[in-house]
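**Q** structure for this input, please:
(one chain, ligands or ions: 1)
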Amino acid sequence: MVDKKLDSVRVRIAPSPTGEPHVGTAYVALFNWAFARKSGGKFILRIEDTDRSRSRPEYEAEILRSLRWLGLDWDEGPDIGGDCGPYRQSERLELYREHMERLLKAGEAYYCFCTPERLERMREERKGESFRGYDGHCRGLSEGQVRENLERNLPYVVRLRVPREGETAFEDMLRGRVCWRNEEIDDQVLLKSDGFPTYHLASVVDDHSMGITHVIRAEEWISSTPKHILLYRAFGWPVPKFCHLSLLRNRDRSKISKRRNPCSLHYYRKVGIFPQALLNFLGLQGYSMPQEQEIFSLEEFARDFDVSRIKTRSPVFDLEKLFHINGVYLRSMSRERLVEALLSYTRGWLEGALGLAQERMESLGDFFPLMAFLWQRELVGDFGAILPKRVSLEEARGVLGKALEAYGSCEWSVEGLRRVHGELAKALGLKKGKVFMTLRTALLGKLGTPPLEESLVLMDRFQVIQRLEGALGCLEKWDV
Ligand code: GLU
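**A** Sure, this is the predicted structure:
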């Protein structure tokens, strides 16, 4: 690969395909996209799939599909290629290997043969100390010792030799000067024992070889930045500009989480949010438009895009605001376009929903009452009133509470949910029938419904969580 020396702006997003497409990816993509469009530069999509156990091709496909749905187009990427490809890290392993060799040769990196047990012990012993990174045990191994260990086929990682003295600083485009003392920076692993590069090595090698001029990414990566800067220096490369965007947050200011907010982009499609409205909302969350303009198109957003208008304070995710904005879009549409939108929205559902409904229908009209639960934004009915008498309020509370815990992180699939429901019955010592009755009435609004797990996976996780919370709240009313 030739190192590109490109003057014009090149930015990128680098999502990892390890789960459902995340709203944070859309948020970061929007700002990168606008920056590229405003400056006449290029917006690149790179897939960071070096986490072998968690990356899956179907997640990658969903990232691409969701970004396309949003209307954020990219100039280079795994699907359309480009001059700096391949754009999938798992196809660039040779490149990382060569670069790692280069660092080893220059003495900027070193082999580390410490076993996981030793590292565990080391961490244990240094509990409470401010710096709990690697203690440098293998930093001073002689060439002979290294050769011997390699010949003995001992497992190893490669670490960066971080200078012990001095500081590493950079000028963040939003936050100004950010500085670390080098003694606080860990000798980070560059190559894992499975032979795959870590995020740090792969990201720096790629950003450099793809000619990235501005790294615009989420704030959570800020602590990786000094390590990246040290890597650029170790290679003798120019350091790009960095801009760390504030994270979307829950109401208590923790990082946005599945339990408390819809993180998956699937949610927005499923509840019928328009992509333009979602981008408008995300823009508004992280950016102050001139004259406080609240409703704007993607083009308007990019036309005058100015980094100094990006908010530095983390926005609290405001779902009500999103629905409000979506309502503005919806009401401004012609009847004709709305009919089209509604048809294409329901078309997205029909296939899956009919798979469950068909054998329970006698007329077309039966479809809607049978599947109404799919479209309900929150709790379907007065849960307490429809809960069968055989299930006590105490039992219902137990089931809903446990389900709430599990739904936040379980695999969102028929098998995943089946497992959760089985474990739940066991943990509470309840018959499965009672568990199902409770969940059916709380989540689908009635007892006689299509199969529970199959119905739930047609919805988004967060939709279901919202209903669970509604049902738990409802129980309080029935308690007195
Ligand atoms: N793979 C990282 C992510 O999933 C990319 C971080 C970066 O932009 O450097 O967010």
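**Q** what pairs with the residue in the stretch 101-250 of the chain positioned nearest to the ligand across the strands?
**A** Residue of the stretch 101-250 of the chain nearest the ligand, by C-beta to the nearest ligand atom: Arg217 (3.5 Å). C-beta: built from backbone N, CA, C; applies to glycine. Per DSSP bridges, the residues bridged to Arg217 are His244.
**Q** got the buried residues for the helix or strand of the chain with the lowest mean pLDDT?
**A** None of the helices or strands of the chain scores lower by mean pLDDT, DSSP states H and E than helix 383-386, at a mean of 81. Going by neighbour count (16 or more other C-beta atoms under 10 Å), the buried part of helix 383-386 is 383-384.
**Q** output that helix as PDB, nothing but the C-alphas.
**A** Extracted in PDB, the C-alpha atoms of helix 383-386 (Å, rounded to 0.1, in the frame of the first residue of the first chain):
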ATOM      1  CA  PHE A 383     -52.200  -4.600  32.300                       C
ATOM      2  CA  GLY A 384     -53.500  -5.100  35.800                       C
ATOM      3  CA  ALA A 385     -57.100  -5.400  34.600                       C
ATOM      4  CA  ILE A 386     -56.300  -8.100  32.000                       C
END
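**Q** which elements pack onto it?
**A** Judged by 3 or more C-beta pairs under 8 Å, 6 or more residues apart in numbering; DSSP states H and E, helix 383-386 is in contact with helix 461-479.
**Q** got the contact list for the residue of the stretch 101-250 of the chain closest to the ligand?
**A** If you count contacts by C-beta atoms under 8 Å, 6 or more residues apart in numbering, Arg217 has them with 13-14, 28, 242-245.
**Q** for those, give me JSON lines that also has distance to Val316 and pLDDT.
**A** Formatted as JSON lines, the entries for the contacts of Arg217 read as follows, by distance: C-beta to C-beta, whole Å; pLDDT from 0 to 100:
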{"residue": "Ile13", "distance to Val316": "23", "pLDDT": "98"}
{"residue": "Ala14", "distance to Val316": "26", "pLDDT": "98"}
{"residue": "Val28", "distance to Val316": "18", "pLDDT": "98"}
{"residue": "Phe242", "distance to Val316": "24", "pLDDT": "98"}
{"residue": "Cys243", "distance to Val316": "21", "pLDDT": "98"}
{"residue": "His244", "distance to Val316": "18", "pLDDT": "97"}
{"residue": "Leu245", "distance to Val316": "15", "pLDDT": "97"}
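**Q** so for the helix or strand Lys227 falls within, mean pLDDT?
**A** Using DSSP states H and E, Lys227 maps to helix 225-235. For helix 225-235, mean pLDDT is 97.
**Q** ok, and for that helix, which residues are buried?
**A** With burial defined by 16+ other C-beta under 10 Å, the residues of helix 225-235 counted as buried are 225-231, 234-235.
**Q** which strands or helices does it pack on?
**A** Here helix 225-235 touches helix 93-105, strand 157-160, strand 167-172, helix 199-209, going by 3+ C-beta pairs under 8 Å, 6+ apart.
**Q** chain center to it, what's the gap?
**A** Computed by C-alpha atoms, centre = their mean, to the nearest Å, the chain-centroid distance of helix 225-235 equals 25 Å.
**Q** what's the answer for stretch 177-187, then?
**A** Chain-centre distance of stretch 177-187: 27 Å, with C-alpha atoms, centre = their mean.
**Q** what's the end-to-end length of it?
**A** This stretch, stretch 177-187, spans 23 Å end to end (C-alpha to C-alpha, to the nearest Å).
**Q** which bits of this structure sit near the ligand?
**A** By C-beta under 6 Å from any ligand atom, the part of the chain that sits against the ligand consists of 14-16, 48, 203, 217, 221.
**Q** if you set the cut-off to 8 Å instead, what comes out?
**A** Residues of the chain lying near the ligand by C-beta under 8 Å from any ligand atom: 12-16, 18, 24-25, 28, 48, 199, 203, 207, 215, 217-218, 220-221, 224.
**Q** sorry, back to before: residues in contact with the least confident helix or strand of the chain?
**A** 393, 441-442, 445-447, 470-471, 474-475, 477-478.
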